[in-house]
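[1] Predicted model and sequence below, questions to follow.
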Amino acid sequence: MNSSNGSVEHCHEANIFDRATLQFTVKLIRVQNPSLALRIQNIIAPGSSLRIVGDQHPQRGDLFSLDLDTFSLKRIVETLGEVGLAMAQYTLRTREGDHEVLKQTKQVMDRWLDYARQHQDTRVPEEMAGQVLA
């Protein structure tokens with residue numbers, strides 16, 4: 001969700017992403033991991049069952065509730081980290097590059113890291129309960 005100054009706002013739930021953030025994620029990871037980019041692209045495809053309908057804040061645009069498996073989420077975060085690092089190194093080395101895109105990349109990475117932390121927090125109690133029952 002983009003605010004008027006272009007920054008990414010955070011939803012109350014870390015697994016809620018807006019269309020623009022997901023599209024930017026696809027753009028960032030498409031070259032390094034096309035299959036993962038396609039998976040995210042399918043989330044925002046017309047008719048996706050993950051789209052939140054009846055949102056009280058239509059000015060925020062389309063929102064999607066994600067429930068990714070741990071492996072996919074890890075791959076997204078790792079790929080974004082690699083892409084972000086490469087962009088930052090190029091910008092520092094050459095003094096070229098789009099600083100706004102670099103800032104937006106960091107904001108998107110922060111969103112995915114928030115989701116990964118929330119995902120980890122919800123999975124750990126489930127895994128511990130499974131170990132106790134076993």
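    Here it is on my side, so go on.

[2] And the contacts of the helix or strand T25 falls within?
    In this structure, T25 sits in helix 19-29 according to DSSP states H and E. For helix 19-29, contacts defined as C-beta atoms under 8 Å, 6 or more residues apart in numbering pick out 1-2, 8, 36-37, 40-41, 43-44, 61-64, 76, 79-80, 83-84, 104-105, 108, 111-112. (C-beta placed from N, C-alpha, C; glycine too.)

[3] Now go through the residues you listed and say which are in strands.
    63-64 (DSSP state E).

[4] Enumerate every residue touching the nearest residue in space to G84 that is not next to it in sequence.
    Spatial nearest neighbour of G84, excluding adjacent residues (C-beta to C-beta, 6 or more residues apart in numbering): T105 at 5.0 Å. If you count contacts by C-beta under 8 Å, 6+ apart, T105 has them with 24, 28, 80, 83-84, 87.

[5] now T105: how far from D98?
    10 Å (C-beta to C-beta, to the nearest Å).

[6] now E78
    From E78 to D98 the distance is 23 Å (C-beta to C-beta).

[7] Those two: who's more crowded?
    Higher neighbour count among E78 and D98: E78, with 14 against 11, using other C-beta atoms under 10 Å.

[8] Noted, bye for now.
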